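**Q** When you get a sec, could you give me coordinates for this:
(chains A and B)
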Amino acid sequence: MAGPDPKGGGGRFLVLGIPYLWLIVFFLIPFLIVLKISFSTTAIAIPPYTPAIDFAQGLTAVWEQAKEFTTDNYVWLTEDALYWKAYLESLWIALVSTFLVLLIGYPLAYGMARAPARWRPTLVMMVILPFWTSFLIRVYAWIGILKPEGLLNQVLLAVGVIDEPLVITGTNLAVYIGIVYSYLPFMVLPLYAALERQDQTLLEAAADLGCRPIESFWKITFPLSLPGVVAGCFLVFIPAVGEFVIPDLLGGSGTLMIGRTLWNEFFLNRDWPVASAVAVILLLVLVVPIVIFQNQQKKNEERLR
Amino acid sequence: MNDRPSWFNVTSLVLGFSFLYLPIVLLVVYSFNASRLVTVWGGFSTQWYVSLIHNQGILDAAWVTIRVALISATCATILGTLAAVALVRYGRFHGRTLFSGMVYAPLVMPEVITGLSLLLLFVAVGFDRGFWTVVLAHITLSMCFVAVVVQSRLVTFDRSLEEAALDLGCPPGKTFLKITLPLIAPAVVAGWMLAFTLSLDDLVIASFTTGPGATTLPMKIYSQVRLGVTPEINAVCTILIGIVATGVIIASIATKRREVERARAERLAAAAP
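**A** Numbers count the residues shown, from 1 in each chain, chains lettered A, B, ... in the order given. I've put the predicted structure just below:
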C-alpha cells in the first residue's frame, strides 16, 4: 500500500478526509433529511412541513416532535393509482429505451471498434462531443424536428409518404426518441471499450476452423463484450427511470414518469413531504440496479489494477 | 486481418453519426433563419444573434451560469482529485465501501432526487438559497465525475517514479505536486472541463437549489422552451454548442500534441548515453 504517504498521517488524513466529509454533508445527510421529511405532515408554514425538528429545545422536545411522524404519505402513495402508474410507466419506458439504445448503439460501437486504428480516436471524440453539449439543447432540437409543423413532417409530406402531419410530440414515442438520442453516448462508450480490447486472433481462429462470421459474432464477440453491454445498460436505465426533462418537454400530459411527478408535487403542489416520499420510493426501486452497477464498477476497477 | 472497413461497419457508422449530429446541425442552421416561424426557411440572417445582445434577462442568466460553472468546476476538480487519489492509493481503509458508494452513486442518481435532497438540506440548516447553494450543489455532483476521470488515469500510471522520489527523501506532499500531479494533469484538465460543462448544462439540480436572483441559463432556456420553439433560443443554443465544441476540440488537440512531445522526449532520453 505505498501511497504518496505510505505511513499514513496528516497528509493522508486530509486527502481522504476532505472529500469524505464533503460527501457525507452534501450527499448522505441530505438523504437522511429526505427520509425524515417523508414521514412528516404537510403544513402551511415555512418550512412547509411539521414536525420541524428543533434540537435547540432539548432532547425531550425532540422526542415529543418525533411522535408526530406519520406514514400517511406512504399510505397516500399506495392508495392513489396515479403514483403506481407513474412508477410502472417510468420503469417500462426506461426498460424499452435501454433496449432500443443497445440495439442502435451496438452496431455503432462495433463499427468504431473495427474501424482502422488511426480513425478510432476521432470517432470516439465524435461520440463524446454531443455528450458535452447541453442535454436541454439536444432535447430542444428534437422538438423542432418532431412537432406537427416540424421538419420531419414537412419532409414526409413533401415526399408524399403521409397525407397529414404525424402527431409525435406529446406522445410516448417522442419520449423514447428523446431518451435514445440523449443516452446513446452512455451506451456506445462502454461497448466500444469492451469491443476494442477484444483479441482479433480469436475470430481468425474461428474463421480458420470454418465458423461463419455471424456465428462467430454470437459465440465470441458478443459474449466477450458483455461487461460493456451490462455497464452501458445500467448507465442508461438508472438515470432514465428518474428522467424529468425529456418527458416534460417531449411527452404529453399522459406521459406519467416519476421524475416529473416528483417535480410537480414539489413545484406545483408544494407538498414537500409527499415529494420526499416519492423520492424515497424511487430510490428504493433503484437501489438494486445501483448496487449491481457499483459491484460491476468495482470488479472492473480491480481487473484494471 | 484486412484493415478495410466492411460495408456493414461503414453503414452503421454513417447512420449512427447522422442520428447523433443531424438534430444539432438543424438547430444551428435554423438559428440563422430570417423567418420567425422556426420551421419555414426565410433566408439567411443573423438578426436573432443581434436581438440576443439586447436581451438583458438572457445576458444576466448567462453571467450567473458562467460564474457558477467556474467556481464549482474548480472546487470539484480539487475535491474529485483528492477522492480519486484516496480510492486508488489507500487500499482497503476503514469506511471504503461507504466512500466509493458515495462517489459512484451521484453518477447515476436521478437528478430530481439529488436536487430535492440538497434543497431540503439547505432549508433544514436555514441557508439562504441563491447563487452559493447552486455552487455547492454543482460541486457535489461534479466532484464525483472528476473522481472517476482522474481515477482511470491513476490506475494506469507508472508508480516507480513516485516511489523513486519518496526513496530519495522527497516528502509525500511535494512528491504529489512535483511528480504525480504533472503526470495525471491531462485527466485533471479533462475532469475540470467535464465539471464545467455539467454545471453549464444543469437544469434540474439548479432549479431545486436556486433562490431569488440566481436564474441560470438552462432555467431561462427551459422556461422559454415551454412556451415554444423560438429562433432566439436556437441562437443561444448555437453559441453554447460553439463554445463547448471549440473547447473540446482544442483540448483534444493539445492532449495529442503533448503526448507526441512526451513520446519524443522519452525516445531522446532512451537514446542518450
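**Q** going forward, measure contacts between C-alpha atoms and count neighbours the same way
**A** Will do.
**Q** So B:Thr100 sits against B:Leu87, correct?
**A** Not quite, residue B:100 is Ser, not Thr. Yes. Using CA atoms under 8 Å, B:Ser100 is in contact with B:Leu87, at 7.2 Å.
**Q** Compare the two (neighbour count), which wins?
**A** B:Leu87 (22 against 18; other CA atoms under 10 Å in any protein chain shown).
**Q** need the contact list for the more buried one.
**A** Contact analysis of B:Leu87 by CA atoms under 8 Å, 6 or more residues apart in numbering or on different chains lists B:Arg96, B:Ser100, B:Gln151.
**Q** interface residues of the stretch 201-305 of chain A facing chain B?
**A** Contacts of the stretch 201-305 of chain A with chain B, taken as CA under 8 Å from any CA of the partner chain, map to A:204, A:235, A:238-245, A:249, A:259, A:262-263, A:276, A:279, A:290, A:294, A:304-305.
**Q** and these, which are buried?
**A** Listed as buried from these are A:235, A:238-245, A:249, A:259, A:262-263, A:276, A:279, A:290, A:294; burial here means 16 or more other CA atoms under 10 Å in any protein chain shown.
**Q** Find the closest residue to chain B in chain A.
**A** Minimum separation of chain A from chain B (CA to the nearest CA) falls at A:Gly111, amounting to 4.3 Å.
**Q** Work out for me the element that residue sits within.
**A** helix A:81-113 (DSSP states H and E).
**Q** ok, B:Ala147 touching B:Val88?
**A** No. B:Ala147 lies out of contact with B:Val88 (CA under 8 Å); the separation is 10.1 Å.
**Q** before we move on, the earlier item: which strands and helices lie in contact with the helix holding A:Gly111?
**A** Judged by 3 or more CA pairs under 8 Å, 6 or more residues apart in numbering or on different chains; DSSP states H and E, helix A:81-113 is in contact with helix A:72-79, helix A:120-132, helix A:172-196, helix A:226-241, helix A:258-267, helix B:7-30.
**Q** Just the angle for it relative to helix A:120-132, thanks.
**A** When axes from the mean of the first three to the mean of the last three CA atoms, to 10 degrees is applied, the directions of helix A:81-113 and helix A:120-132 differ by 160 degrees.
**Q** what's the angle from helix A:81-113 to helix A:72-79?
**A** 80 degrees.
**Q** What residues sit buried inside helix A:81-113?
**A** Applying 16+ other CA under 10 Å to helix A:81-113 flags A:83, A:86-87, A:89-91, A:93-95, A:97-102, A:104-113 as buried.
**Q** Can you name the residues that contact B:Gly101?
**A** A:Gln294.
**Q** picking up where we left off before, among the contacts of B:Leu87, which ones are in helices?
**A** B:Arg96, B:Ser100, B:Gln151 (DSSP state H).
**Q** how about CSV for the residues you listed, with distance to chain A and pLDDT added?
**A** Formatted as CSV, the ones in helices among the contacts of B:Leu87 follow (distance: CA to the nearest CA, whole Å; pLDDT from 0 to 100):
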residue, distance to chain A, pLDDT
B:Arg96, 10, 85
B:Ser100, 9, 86
B:Gln151, 9, 88
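**Q** just checking, A:Pro165 is part of a strand?
**A** No. Counting by DSSP: H, G, I helix; E, B strand; the rest coil, A:Pro165 falls outside a strand, being coil.
**Q** Just read off the phi/psi values of it.
**A** Main-chain torsions, A:Pro165, degrees, to the nearest 10: phi -60, psi 140.
**Q** hang on, the earlier thing: what's the angle between the helix holding A:Gly111 and helix A:226-241?
**A** Per the same axes, to 10 degrees, the angle that helix A:81-113 makes with helix A:226-241 is 140 degrees.
**Q** mean confidence for helix A:81-113?
**A** Averaged across helix A:81-113, the pLDDT comes to 91.
**Q** Show me how far it is from its chain's centre.
**A** 10 Å (CA atoms, centre = their mean, to the nearest Å).
**Q** Stretch A:142-160 too?
**A** Centre to centre, stretch against its chain (CA atoms, centre = their mean), the figure for stretch A:142-160 is 29 Å.
**Q** which residues touch that stretch?
**A** By CA under 8 Å, 6+ apart, stretch A:142-160 touches A:162-169, A:174, A:178, A:249-250, B:23, B:27, B:38-39, B:229.
**Q** How about stretch A:237-248?
**A** A:90-91, A:93-95, A:97-98, A:136, A:139, A:175, A:178-179, A:255-260, A:263, A:282, A:286, A:289-290, B:108-112, B:204.
**Q** how about a cut-off of 7 Å?
**A** A:90-91, A:94-95, A:98, A:139, A:175, A:178-179, A:255, A:257-260, A:286, B:108-110 (CA atoms under 7 Å, 6 or more residues apart in numbering or on different chains).
**Q** Would you work out how far apart the start and end of that stretch are?
**A** For stretch A:237-248, the first-to-last residue distance is 18 Å (CA to CA, to the nearest Å).
**Q** The residue of the stretch 1-150 of chain B found nearest chain A: how many residues sit nearby?
**A** With CA to the nearest CA, the shortest gap between the stretch 1-150 of chain B and chain A falls at B:Asn9, namely 4.3 Å. B:Asn9: 20 surrounding residues under other CA under 10 Å.
**Q** With B:Gly169 instead?
**A** 10.
**Q** which SS class is it?
**A** Counting by three-state DSSP, the backbone at B:Gly169 sits in coil.
**Q** Can you tell me which residues in the stretch 51-200 of chain B are near chain A?
**A** By CA under 7 Å from any CA of the partner chain, the residues of the stretch 51-200 of chain B that approach chain A are B:79, B:82-83, B:86, B:89-91, B:99, B:102, B:104, B:108-110, B:112-113, B:117-118, B:120-121, B:140, B:155, B:172, B:176, B:197.
**Q** quick one: contacts for the residue of chain A closest to chain B?
**A** B:Asn9, B:Val10, B:Ser12, B:Leu13.
**Q** For the first one, which residues are in contact?
**A** Right, B:Asn9. Counted by CA under 7 Å, 6+ apart, B:Asn9 has contacts A:Gly111.
**Q** Would you mind telling me which of B:Ala147 and B:Val88 has more residues around it?
**A** B:Ala147 (27 against 19).
**Q** Name all residues that make contact with the closest residue to that one other than its chain neighbours.
**A** Spatial nearest neighbour of B:Ala147, excluding adjacent residues (CA to CA, 6 or more residues apart in numbering or on different chains): B:Gly80 at 4.2 Å. Residues near B:Gly80 by CA under 7 Å, 6+ apart: B:Met143, B:Cys144, B:Val146, B:Ala147.
**Q** ditto for A:Thr98
**A** A:Cys233, A:Val236, A:Phe237.
**Q** just those residues now: which is nearest A:Trp76?
**A** A:Phe237 (27.2 Å; CA to CA).
**Q** Any figure for the gap between the closest one and A:Thr98?
**A** 6 Å.
**Q** tell me the secondary structure for A:Val161?
**A** Classified using three-state DSSP, A:Val161 is coil.
**Q** Neighbours of it, how many?
**A** 10.
**Q** go on, A:Thr221?
**A** 20.
**Q** contacting residues around it?
**A** Contacts of A:Thr221 (CA under 7 Å, 6+ apart): none.
**Q** so where's the longest helix in chain B?
**A** Longest helix in chain B, counting by DSSP H: helix B:231-271.
**Q** and the angle from that helix to helix A:120-132?
**A** In terms of direction (the same axes, to 10 degrees), helix B:231-271 departs from helix A:120-132 by 140 degrees.
**Q** Give me the helices and strands touching helix B:231-271, please.
**A** Other helices and strands packing on helix B:231-271, by 3 or more CA pairs under 7 Å, 6 or more residues apart in numbering or on different chains; DSSP states H and E, are helix B:7-30, helix B:47-53.
**Q** hmm, who's touching the last one?
**A** So that's helix B:47-53. Here helix B:47-53 has contacts from B:Pro231, B:Glu232, B:Ala235, using CA under 7 Å, 6+ apart.
**Q** Could you tell me how many residues sit around the closest residue to the last one other than its chain neighbours?
**A** I take that to be B:Ala235. Nearest residue to B:Ala235, sequence neighbours excluded (CA to CA, 6+ apart): B:Ser31, at 4.9 Å. Other residues near B:Ser31 number 26, with proximity taken as other CA under 10 Å.
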